[in-house]
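A.B. asks: Here is the input, now give the coordinates:
(one chain, ligands or ions: 2)
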Amino acid sequence: MKKVKVVVIGAGVVGMSTAVCIAEALPFCTVTILAEKFSPDTTSDVAAGILLPKEIPGVPLERQWRWFKGTFDHLLAIAESPQASEAGVFLSSGYQVFKEVPSITKPYWADIVFGFRTMTDHEIKRFPNHKFGQAVTTIKCESLRYLPWLEKRLTEAGGRMKREKVTDLQQLAHSYDVIVNCSGLGSCSLVGDEQVYPVRGQIIKVHAPWLKNFIRDGNGHTYIYPGIDCVTLGGTRQVNDWRLEVDKDDSKGIVERCSEFVPSLRTAQVLGEKVGLRPGRSNVRLEREWLQVQDRQVPLVHNYGHYSWGISLSWGTALEALDLVRKSLHEKPPHARL
Ligand SMILES: Cc1cc2nc3c(=O)[nH]c(=O)nc-3n(C[C@H](O)[C@H](O)[C@H](O)COP(=O)(O)OP(=O)(O)OC[C@H]3O[C@@H](n4cnc5c(N)ncnc54)[C@H](O)[C@@H]3O)c2cc1C
Ligand SMILES: O=C([O-])CC(=O)C(=O)O
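C.D. replies: Residues are numbered from 1 along each chain as shown. Ligands and ions are numbered 1, 2, ... in the order given. Below you'll find the predicted structure:
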């Protein structure tokens, strides 16, 4: 039987997860990833990798719940397997603290993570500038390990990877039966989506093995995430800022703010600094359209615009993209139904 040719554009956490989901679930498909950049050079490689999303306005909560649940359960199974260390996935406990009591005190994912609770007065006293906090055990997924591990899994499932910048979807549709667009920020030029914009984020990796629990300021500007090889300090959220160079003033600000939480960080050895451009969008675009190519219509599934929550929602959104691909193979295109 002739195999169905699927191409996935993008090799960040969204593209890799989507490609693995399709290749493993639909063995009658050959899956090819085309990407301009692979690990360790994607935005996903810069991510701290904590699973702690915020509500995305305009997306039904039940759908967000599914995206997060799908990701959490998938990564939990890895965290509890002998592959956890190679894949860079582990349980991580800590606090999210707020200067003012937030409007949502119990997020939609409270029943998915472990041990979610409001911090006690005794605990919050450790953070004198903060009034309210949440204690939680969630998952940390380190892309620098996780992406190469997913690449291996994709190859084992028969998938292929090729470095290539895609500029013309029509052209691509001549060679493939299904196109899946996971190009993140690249979607602003690839599909002309004017709703996509960069949100620059800078982080610092430090040697501070004495820190075991994470601390995140509820506004998402300051965070301390202990990881496997180092502690990630962040961050910045600069809207429409395309600079990929490290900004020394940003670094100073990050150390300053993190040291207010943990003074010993002031003298921690710096191991590296990184910048990533988050694919900003008011909501994730996860839908299917049909591309008219001469006399046929090719399904084009979009899965991009994950902003600050790409790791947190990666597997769940990949599962939904897989559903759209599966449906497209059974449905007749609207044009053919006439
Ligand atoms: C500092 C920082 C910290 C973060 N921390 C977290 C966190 O703790 N938890 C969390 O959930 N999220 C976090 N994020 C957000 C997360 O990194 C993003 O949401 C996620 O990386 C988006 O993944 P992606 O695969 O869509 O995009 P990317 O990783 O940017 O991948 C896009 C892929 O598409 C390819 N591409 C683009 N255009 C084209 C084209 N025309 N042709 C071919 N290939 C193309 C690129 O080369 C790349 O391979 C953080 C982000 C930053 C910057
Ligand atoms: O906000 C966080 O905790 C980490 C993150 O997702 C980001 O910087 O985008």
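
A.B. asks: which SS state does Leu319 fall under?
C.D. replies: At Leu319 the chain is in helix, as set by DSSP: H, G, I helix; E, B strand; the rest coil.

A.B. asks: got a list of what the residue lying closest to it once chain neighbours are set aside touches?
C.D. replies: In this structure, Leu319 finds its nearest non-sequential neighbour in Gly70, 5.0 Å apart by CB to CB, 6 or more residues apart in numbering. In short, each C-beta sits where N, CA and C put it, glycine included. If you count contacts by CB atoms under 8 Å, 6 or more residues apart in numbering, Gly70 has them with 315-319.

A.B. asks: Drop anything exposed from the residues you listed.
C.D. replies: 315-319 (16 or more other CB atoms under 10 Å).

A.B. asks: Up against ligand 2, what does the stretch 1-150 of the chain have?
C.D. replies: By the rule CB under 6 Å from any ligand atom, the part of the stretch 1-150 of the chain lying against ligand 2 is 48, 50, 52.

A.B. asks: all strands of the stretch 1-150 of the chain, in order?
C.D. replies: Remark: strands assigned in the stretch 1-150 of the chain by DSSP state E, counting those that start in this stretch are 4-9, 29-35, 89-98, 114-118, 132-141.

A.B. asks: ok so, going back, just the pLDDT at the residue nearest to Leu319, thanks.
C.D. replies: If you check Gly70, the pLDDT there is 98.

A.B. asks: ok so, going back, columns mean neighbour count and mean pLDDT on top of the strands of the stretch 1-150 of the chain, output as TSV?
C.D. replies: Converted to TSV, the strands of the stretch 1-150 of the chain look like this (neighbours: other CB atoms under 10 Å; pLDDT from 0 to 100):
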stretch	mean neighbour count	mean pLDDT
strand 4-9	24	98
strand 29-35	23	98
strand 89-98	21	98
strand 114-118	12	98
strand 132-141	22	98
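
A.B. asks: which ones are touching the closest residue to Ser92 other than its chain neighbours?
C.D. replies: Excluding the flanking residues, the one nearest Ser92 by CB to CB, 6+ apart is Lys140, at 4.1 Å. By CB under 8 Å, 6+ apart, the contact set of Lys140 is 48-51, 89-92, 214, 225, 227.

A.B. asks: how close does Lys140 sit to Tyr225?
C.D. replies: Separation of Lys140 from Tyr225 (CB to CB, to the nearest Å): 7 Å.

A.B. asks: Quickly list what's touching both of these two.
C.D. replies: Taking CB under 8 Å, 6+ apart as the contact rule, Lys140 and Tyr225 both touch 48-50, 92, 214.

A.B. asks: In a markdown table, list those along with distance to Gly184.
C.D. replies: Output for the shared contacts of Lys140 and Tyr225, formatted as a markdown table (distance: CB to CB, whole Å):
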| residue | distance to Gly184 |
| --- | --- |
| Ala48 | 17 |
| Gly49 | 16 |
| Ile50 | 19 |
| Ser92 | 24 |
| Phe214 | 25 |
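
A.B. asks: Alright, I will stop here.
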